[in-house]
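> quick one, fold the following:
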Amino acid sequence: MCGRFSLLANAHAIELFFELAELEIQVVQRYNIAPSQPILTVMAGPGADPDERKNMPDRKATLVRWGLLPSWVKDPRDFPMLINARSETANEKSSFRASMRHRRALVPASGFYEWQREGRSKPQAYWVRPRNGELVAFAGLTDTLLAADGSEIDTGAILTTGANEEFAPIHNRMPVVIRQRDFARWLDCRTQEPRDVDDLLQPVEPGFFEAVPVSSLVNKVANTGPEIQERVEPEPETEKSEQSDGGQMSLFGQG
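Numbering: from 1, shown residues only. As a prediction, this is how the structure comes out:
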């Protein structure tokens, strides 16, 4: 799953990476983005007018609440906060089916956090970031709920997939990464049906991410500074875990 992530890039870097004409949303460095908070998303634009910058894709950036609420929900208080959607079944679930067809999005990030629990007396947190240091785009879904007072609530979720062999020792799920070459196809909800983009919902290749062990400071939403990403020595695993994982954690020993 993906329950926390970070966005550290400035507005110019986001504009370039996602080929946005202009990012009209104020961007600040966010080290510990948590569910129910606003998150930045990139979606296909209305396509009405050509962009003032030549050959620029028609895309728009918006803020949504992290925790998708389907448009058919009557009372948000009685519905769980859907921060993740399993990519393998999203097109079959009533909560995500319409979004998969009509409201696919990209979620800009600098990386995400995950906790390794198996074989440990207490979870070990990891800051998982692209090895090249660049931005990353998670596959996202959005929806808009019409509230009882007539206001609209824009919400979103991050799609996950099974972990690749490198990340599996930490967790069995990871966010779906959409590469820049596939942005247009993923965001094209007019001509690309969910079945046409199903091939994009795969684990990213080993070596794309590096996992940095960090302290438990990230566990608290109130901790929002760069210190939560500082490398620490992970606590030793139990004897049982050391025997069963075949030394796979050494995959994360570099970087």
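> contacts, neighbours, all on C-alpha from now
OK.
> give me the neighbour count for the closest residue to Gly111 other than its chain neighbours.
Among residues not flanking Gly111 along the chain, Arg129 sits closest, at 4.3 Å (C-alpha to C-alpha, 6 or more residues apart in numbering). Using other C-alpha atoms under 10 Å, Arg129 has 22 neighbouring residues.
> quick one: Arg129 is in a helix?
No: assessed by DSSP: H, G, I helix; E, B strand; the rest coil, Arg129 does not belong to a helix; its assignment is strand.
> so who does it touch?
By C-alpha atoms under 8 Å, 6 or more residues apart in numbering, the residues touching Arg129 are 110-112, 209-212.
> distance check, it against Arg117.
Per C-alpha to C-alpha, to the nearest Å, Arg129 is found 19 Å from Arg117.
> repeat that for Leu82.
Relative to Arg117, and taking C-alpha to C-alpha, Leu82 is found at 22 Å.
> cool, Ser215 as well?
Relative to Arg117, and taking C-alpha to C-alpha, Ser215 is found at 14 Å.
> neighbour count winner among the two?
Comparing Ser215 with Arg117 by other C-alpha under 10 Å, the one with more neighbours is Ser215, at 20 against 15.
> residues contacting the more buried one?
Contacts of Ser215 by C-alpha under 8 Å, 6+ apart are 124-125, 228-232.
> got it, and Thr160?
Neighbouring residues of Thr160 by C-alpha under 8 Å, 6+ apart: 1-2, 84-87, 173-176.
> re the thing from before, which among the contacts of Arg129 gets closest to Arg97?
Nearest to Arg97 among those is Phe112, at 25.3 Å by C-alpha to C-alpha.
> that closest one is in what secondary structure piece?
Element membership of Phe112, judged by DSSP states H and E, is strand 111-116.
> quick check: mean pLDDT across that strand?
Here strand 111-116 scores 97 as its mean pLDDT.
> which residues sit against it?
Residues from elsewhere that reach strand 111-116 (C-alpha under 8 Å, 6+ apart): 1-7, 123-130, 135-136, 169-171.
> look up how far Arg4 lies from Phe79.
Separation of Phe79 from Arg4 (C-alpha to C-alpha): 21 Å.
> check Gly111 too.
Separation of Gly111 from Arg4 (C-alpha to C-alpha): 9 Å.
> the stretch 151-255 of the chain: helices as residue ranges?
For the stretch 151-255 of the chain, applying DSSP state H, counting those that start in this stretch gives helices covering 183-187, 239-244.
> tell me the buried residues in the shortest one?
The one in question is helix 183-187. 183, 185-187 (16 or more other C-alpha atoms under 10 Å).
> hmm, back to that, weakest of the helices of the stretch 151-255 of the chain in terms of mean pLDDT?
Lowest mean pLDDT of those: helix 239-244, a mean of 44.
> hang on, the earlier thing: comparing Phe79 and Arg4, which shows the higher neighbour count?
Neighbour comparison, Phe79 and Arg4: the larger count goes to Arg4, with 19 against 12 (by other C-alpha under 10 Å).
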